[in-house]
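A.B. asks: the following block contains a protein sequence and its predicted model.
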Amino acid sequence: MLDPARLVFVDETAVSTNLVRLRGRAPCGVRLIGRVPLGEWKTITFVAALRHNKMVAPTVIEGAMTGEIFLAYVQQFLAPTLRRNDIVMMDNYAAHKVVGVREAIEKVGATVRYLPKYSPDLNPIELTYSKFKEFLRKVAARTVRGLYRAIRSFVPQLSPQECTNYFEHAGYVSI
């Protein structure tokens, strides 16, 4: 049996300055107008780990995730938060499998396991990212600096109970 308190789910998601709400309201007969940059927007990558009670090692990078950047993330941000016997769960993204990632995690006494391909429902951090993107759509940050501010304000909003609920929803034993 896996102890949920030892599970650490790692994933990344791209966010950009053109995220808009998917729905809106306006008085009857009045057109709803929203604004979004046309043709030019900036994209950044948010990477973090989710434990049963909190989000740890949140980091933002400019551009897309690469194996080299992911290795640096693991060494500098994730590994210091890991404890002996933790199990780091990741999807099968090629950047997660570069040389050095497994070694950096095992160096602190944790182990690595990869989720089956095409199984976002087994990764509770995906639920967190769904809420995260909805939050960013609502904030409607149109600059990278605005995105950074919004991300900083989102992470503390995740309560321990909410993180536990995400784990339970993904099918992991209740805490």
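C.D. replies: Structure's in. What do you need?

A.B. asks: packing partners of the lengthiest helix in the chain?
C.D. replies: Ranked by residue count, the top helix of the chain under DSSP state H comes out as helix 125-139. When contacts are defined as 3 or more C-beta pairs under 8 Å, 6 or more residues apart in numbering; DSSP states H and E, helix 125-139 sits against strand 7-16, strand 43-50, helix 144-154, helix 160-169. Placement of C-beta: from N, CA and C, glycine included.

A.B. asks: looks to me like H52 is in a helix.
C.D. replies: No. Assessed with DSSP: H, G, I helix; E, B strand; the rest coil, H52 is coil; it does not lie in a helix.

A.B. asks: what's it in contact with, if anything?
C.D. replies: Counting by C-beta atoms under 8 Å, 6 or more residues apart in numbering, H52 touches P4, A5, L7, C163, T164, F167, Y172, I175.

A.B. asks: show me the shaky parts of this structure.
C.D. replies: 1, 35-40, 173-175 (pLDDT under 70).

A.B. asks: against the centre of it, work out the most remote residue.
C.D. replies: In the chain, the greatest distance from the average C-alpha position (C-alpha atoms, centre = their mean) is reached by G29, at 39.2 Å.

A.B. asks: can I get the helices and strands packed on helix 125-139 in TSV with distance to G109?
C.D. replies: Shown next, in TSV, are the helices and strands packed on helix 125-139 (distance: least, C-beta to C-beta, whole Å):
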stretch	distance to G109
strand 7-16	13
strand 43-50	16
helix 144-154	30
helix 160-169	22
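
A.B. asks: nearest to P120, of the ones you listed?
C.D. replies: Evaluated over the helices and strands packed on helix 125-139, closeness to P120 peaks at strand 7-16, with 9.0 Å, by C-beta to C-beta.

A.B. asks: where's E68, which helix or strand?
C.D. replies: Here E68, judged by DSSP states H and E, is contained in helix 67-73.

A.B. asks: identify the residues contacting the nearest residue to Q157 once chain neighbours are set aside.
C.D. replies: Excluding the flanking residues, the one nearest Q157 by C-beta to C-beta, 6 or more residues apart in numbering is F135, at 7.8 Å. Contact analysis of F135 by C-beta under 8 Å, 6+ apart lists A150, F154, Q157.

A.B. asks: how near is the residue lying closest to the second one once chain neighbours are set aside to N165?
C.D. replies: For F154, the nearest residue in space outside its immediate sequence neighbours is F135; the separation is 5.3 Å by C-beta to C-beta, 6+ apart. With distances taken as C-beta to C-beta, to the nearest Å, F135 is found 17 Å from N165.
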